[in-house]
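Participant: no FASTA, just this:
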């Protein structure tokens, strides 16, 4: 065997180590930098979004509280029977003094003084006494002829609202843009009669003042979208906002962060807008700092990598000499060298071969047991599948496609559970679900003459057991216990546990059986036949319990109070 000189080996190995160290450190540093930038950007976005959410949420609450007071004023005015009586008297005996009293009543309400700028009631009668409405007369009078406003769009929309409040922004009637709330004014004594329409008004300035204290940075704005009309407390807003909102929110959301909350009525929203560039500007500054740290890290990494590679490469030559001579080597000074495992492979060769032989034998036995388990497992499914397919075929032949489809679905669910991705073990909960799926199929097959009862603790113990140990016992109850029985077959599955054992039992109210013979079959593992019907389920379940758990599990039968048979399975918890 040819070996290179010590210096050439150390140099080659040292270069490889150094290069790999640098690859690893550069990759790690890049990933850390990228993830740091992503996390910083995500945190910035989350914090700003939370700030916008909280600010706009408070603005939404304030605006809704303000408008709710307007709603309350409308309701209070509508429910004022004395006011309605005066309006009715005005219809019958029009007079300026009565009109003055009605105005004083409307303007004296505290809710009006605190929340409104003006209010109007448009009365249907008398048209020849009440004045027509104009913006200039809004403060001195509150009663107007309904005929003067009936052709207005807002008046017609109020009638369409049928007693609900109609909200709109009036940009033309008053001196300043005004938020208006209009509602039909019904006769409280005859709700089918409309006296007119009541309209309460407040300037937009009072509405948008709730947005004045909100700040989302230099490029952030808080606005109100009122059916396409943008209301805001700013002297002006960028043209792209007025062009984009509200019809182009999707496109705007690609460059700006949008937060929206509904307010007042359908189609109205309070909206927060801020530029992504404004949000991520600090993140870009942080990236520059990360770049400087990254450069310093590379310099430091190069120095440490060179030192570490030399520390590992130097023992390589000594390890190769020990391997060449096949002599025991002192590894006390080589704890940092992975290659020392080669020396142990040579030194302990015989011992490892013996351990491999023992391990190979154990693996062979394990594979044999697994093959035996697979063979036993394979016995459980075919006859059930064949019987179910025959039942499906019979249902299809009789055009009972609905029940056939249900049986196919149940069969699929049962097979998925029984296959369990090839695993022999399944949770107790899945085993119970599997039995339930099996019983649902049998209900279809036996015309719902089977009932399943589950007596389970809550919560169900979280144990993993071998699969398909309950279904064969349930199948025995159906096939043998309920054979030719006219009553409904009742099956009860019980799960109990003690400090040391888990107990599973399957009980039926069938014809019963020879209990001694059943227990004999369990003890002797004897395949018994009666009228060409195999009782191999008993043998199969017991053999699989014995293969998996040995003496730590058992199967026994007993007669129950209903005259039927109860199968009991015991499994020690120490093997679960």
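Facilitator: Perfect, I can see it now. Since the model is a prediction, treat every value here as computed from it, not as a measurement.
Participant: can you give me the strands in the stretch 451-576 of the chain?
Facilitator: For the stretch 451-576 of the chain, the strands defined by DSSP state E, counting those that start in this stretch occupy 464-466, 489-497, 501-508, 529-530, 533-534, 553-559, 565-572.
Participant: show me where the stretch 101-250 of the chain has helices.
Facilitator: For the stretch 101-250 of the chain, the helices defined by DSSP state H, counting those that start in this stretch occupy 110-115, 153-161, 204-208, 239-244, 249-252.
Participant: top helix in this protein by residue count?
Facilitator: helix 6-78 (DSSP state H).
Participant: Work out the gap between that helix and the centre of the chain.
Facilitator: 21 Å (C-alpha atoms, centre = their mean, to the nearest Å).
Participant: what's the answer for stretch 388-404, then?
Facilitator: With C-alpha atoms, centre = their mean, you get 38 Å for stretch 388-404.
Participant: Against residue 74, how distant is residue 513?
Facilitator: Distance of residue 513 to residue 74, given as C-beta to C-beta, to the nearest Å: 81 Å. (Glycine included, C-beta is placed from N, CA and C.)
Participant: my bad, should have said residue 280
Facilitator: For residue 280, the distance to residue 74 - C-beta to C-beta - is 47 Å.
Participant: got it, and residue 194?
Facilitator: Here the criterion is C-beta to C-beta. By it, residue 194 lies 15 Å from residue 74.
Participant: among the helices of the stretch 101-250 of the chain, which is the most enclosed?
Facilitator: Sort the helices of the stretch 101-250 of the chain by mean neighbour count, taking mean count of other C-beta atoms under 10 Å, and helix 204-208 sits at the top with a mean of 19.
Participant: average model confidence for it?
Facilitator: Mean pLDDT, helix 204-208: 86.
Participant: helices or strands up against that helix?
Facilitator: In terms of contacts (3 or more C-beta pairs under 8 Å, 6 or more residues apart in numbering; DSSP states H and E), helix 204-208 is packed against helix 6-78, strand 178-187, strand 229-231.
Participant: Of residue 280 and residue 74, give the one with the bigger neighbour count.
Facilitator: Between residue 280 and residue 74, residue 74 has the larger neighbour count (other C-beta atoms under 10 Å), namely 21 against 17.
Participant: Flag the shaky bits of the stretch 251-400 of the chain, pLDDT-wise.
Facilitator: Applying pLDDT under 70 to the stretch 251-400 of the chain flags residues 282-283, 285, 305, 307-384, 386-387, 399.
Participant: isn't residue 445 right up against residue 389?
Facilitator: No - taking contacts as C-beta atoms under 8 Å, residue 445 lies outside contact range of residue 389: 11.2 Å.
Participant: Between those two, which has more neighbouring residues?
Facilitator: A count of neighbours by other C-beta under 10 Å puts residue 445 above the other of residue 445 and residue 389, at 21 against 13.
Participant: Name the helix or strand for the closest residue to the more buried one other than its chain neighbours, please.
Facilitator: Among residues not flanking residue 445 along the chain, residue 391 sits closest, at 4.7 Å (C-beta to C-beta, 6 or more residues apart in numbering). Counting by DSSP states H and E, the element that carries residue 391 is helix 382-397.
Participant: Quickly list what residue 554 is bridged to.
Facilitator: residue 570 (DSSP bridges).
Participant: how near is it to residue 160?
Facilitator: Distance of residue 554 to residue 160, computed by C-beta to C-beta: 79 Å.
Participant: how about the strands of the stretch 101-250 of the chain, start to end?
Facilitator: Along the stretch 101-250 of the chain, the segments classed as strands by DSSP E, counting those that start in this stretch run 118-123, 143-145, 166-170, 178-187, 190-203, 220-226, 229-231.
Participant: how far out from the middle of the chain is the fifth one?
Facilitator: On the basis of C-alpha atoms, centre = their mean, strand 190-203 sits 47 Å off its chain's mean C-alpha point.
Participant: Check the second one too.
Facilitator: Relative to its parent chain, strand 143-145 has a centroid offset of 57 Å by C-alpha atoms, centre = their mean.
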